[in-house]
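[1] Have a look at this prediction, sequence included:
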Amino acid sequence: MTHHQGTTMPAGDDSVLVGIDIGGTKIAVLVCDDERRVLRRGEVAAPAAEGGRAMADAAAALVRTLTDGFTVRAVGVGAAGVIDHDTGTIRAASATFTDWVGFPLATELAQRLGCAVTVENDVNAFLLGEAEDQESDVLGVMLGTGVGGALIMRGELRRGPHGAAGEIGHTPGYSDLVCTCGQTGHLETLASGTSIARRYEQRAGRSVGGSREVADLADAGDADAKAVFRDAGRALALACSSAATLLDVSQAVIGGGVSHAWHLLQPGIDDALRTDAPITGIPLQIRPATHGADAVALGAIASARTLALAPVA
Ligand SMILES: [Zn+2]
């Protein structure tokens, strides 16, 4: 992340920055001014099964509607998958997406919208949205359908040489359960929303609609539901502790749908931080995200702002 405090924007009053959050089920758009005040917002269903072009068409149509009457200075995208940040092309993605790998998302959106577009992995964007101007060294973890991770060190997002840094959800050693990726024991087998529902079903012997329903059951006193969230919280904190030990990062911010049940994750987090705190002795703080569903689009806007300030070639 690059800071540009104090820089004067060469733009009129009607110019805006746009952040797009592209996921497997929905596309959400925020239109913001230079102070990150949200002027307009909207969302549509993501046509993920119809391919990259359909996704770009849907996103561009929503942006055009929401920015009517404004001048769009730059667009930032947070998208699911491994992203080649330099070209804005998708390098790898889950099976939810048809014809997404290899799709030049930045180029396609720039053609449709007539302005510069930058594309960031959605978990990276989430962390930019949550950490901007607050923390220079922080780990981000999103507990959603899957589990994703991201890292900011010295104020800079660390993408790794292949754009794949931070994939903490698929690190092993947390269970003996089969992961969505086909391997065994990954963090995601305990801490994703999907896994929380599966683990509850296995313990309680009855099916549930999703992790939100498990959270409601836990709040109503269901011991199995509480245990499943406790296990998720413990696994999450162990992963954060490993990362903190490796990287000397003492802050972790947790987002995604599962993080809304923070009070249910907290007992397992506290437990793990008691038994498995980083041996450096530096306290590890694990906290819930504060921007909710807006974090990815806000982080995408932070990227777009950097793009808008770049010298014109
Ligand atoms: Zn996995």
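    In hand now; what should we look at?

[2] Against Gly140, how distant is Cys179?
    Cys179 sits 20 Å away from Gly140, going by Cβ to Cβ, to the nearest Å. Where you see a C-beta, it was placed from the backbone N, CA and C, and this is true even at glycine.

[3] Between the two, point out the one with more neighbours.
    More crowded of Cys179 and Gly140, by other Cβ atoms under 10 Å: Gly140, with 31 against 22.

[4] Report how many residues lie close to the nearest residue to Gly81 once chain neighbours are set aside.
    Excluding the flanking residues, the one nearest Gly81 by Cβ to Cβ, 6 or more residues apart in numbering is Ala93, at 3.4 Å. Residues lying near Ala93 (other Cβ under 10 Å) number 21.

[5] Spit out the contact partners of Ala93.
    By Cβ atoms under 8 Å, 6 or more residues apart in numbering, Ala93 lies in contact with 80-82, 100-101.

[6] Could you report the pLDDT at it?
    At Ala93, the model reports a pLDDT of 80.

[7] Quick check: phi and psi at it.
    With angles defined as degrees, to the nearest 10, Ala93 sits at phi -160, psi 160.

[8] Mind checking the pLDDT average for stretch 124-144?
    88.

[9] buried residues in that stretch?
    For stretch 124-144, the buried set under the neighbour-count rule, 16 or more other Cβ atoms under 10 Å, comprises 124-132, 135, 137-144.

[10] Please narrow those to those residing in helices.
    Secondary structure defined by DSSP state H assigns 124-131 of the buried residues of stretch 124-144 to helices.

[11] ok, back up a step: within reach of the ion, which of the buried residues of stretch 124-144 are there?
    Checked against the ion using Cβ under 5 Å from the ion, the buried residues of stretch 124-144 yield no neighbours at all.

[12] Nearest to the ion among the contacts of Ala93?
    Nearest to the ion among those is Val82, at 13.9 Å by Cβ to the ion.

[13] from memory the closest one sits against Thr89, does it?
    No - with contact defined as Cβ atoms under 8 Å, Val82 does not reach Thr89; the gap is 10.0 Å.

[14] If you count surrounding residues, which of these two has more?
    Counted by other Cβ under 10 Å, Val82 and Thr89 do not tie: Thr89 has more neighbours, with 20 against 17.

[15] ok, now which ones touch that one?
    So Thr89 contacts 83, 102-107, 119 (Cβ under 8 Å, 6+ apart).

[16] Around the ion, pick out the residues from the stretch 201-313 of the chain.
    Counting by Cβ under 5 Å from the ion, no position of the stretch 201-313 of the chain is adjacent to the ion.

[17] Break down the stretch 201-313 of the chain into its helices, ranges please.
    Along the stretch 201-313 of the chain, the stretches classed as helices by DSSP state H, counting those that start in this stretch are 211-219, 223-247, 262-275, 295-309.

[18] got it, and the stretch 51-200 of the chain?
    Remark: helices assigned in the stretch 51-200 of the chain by DSSP H, counting those that start in this stretch are 52-66, 105-113, 122-131, 188-191, 193-204.

[19] I'd like to know which of these lies nearest to Leu264.
    helix 193-204 (9.4 Å; Cβ to Cβ).

[20] Quick check: mean pLDDT of that closest one?
    Mean predicted confidence for helix 193-204 is 97.

[21] on contacts alone, who are the packing partners of it?
    helix 188-191, helix 211-219, helix 223-247 (3 or more Cβ pairs under 8 Å, 6 or more residues apart in numbering; DSSP states H and E).

[22] Kindly compare burial across the helices of the stretch 201-313 of the chain and name the winner.
    Sort the helices of the stretch 201-313 of the chain by mean neighbour count, taking mean count of other Cβ atoms under 10 Å, and helix 295-309 sits at the top with a mean of 26.

[23] What's the mean pLDDT across that one?
    88.

[24] Could you list the alpha-carbon positions for that helix in CSV?
    C-alpha atoms of helix 295-309 as CSV (Å, rounded to 0.1, in the frame of the first residue of the first chain):
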residue,chain,number,x,y,z
ALA,A,295,-14.0,-3.7,2.9
VAL,A,296,-13.1,-5.3,-0.5
ALA,A,297,-14.6,-2.4,-2.5
LEU,A,298,-13.0,0.2,-0.2
GLY,A,299,-9.6,-1.5,-0.6
ALA,A,300,-10.1,-1.6,-4.4
ILE,A,301,-10.7,2.2,-4.2
ALA,A,302,-7.4,2.5,-2.3
SER,A,303,-5.7,0.8,-5.3
ALA,A,304,-7.6,2.9,-7.7
ARG,A,305,-6.5,6.1,-6.0
THR,A,306,-2.9,5.0,-6.3
LEU,A,307,-3.5,4.4,-10.0
ALA,A,308,-5.2,7.8,-10.4
LEU,A,309,-2.2,9.6,-8.9
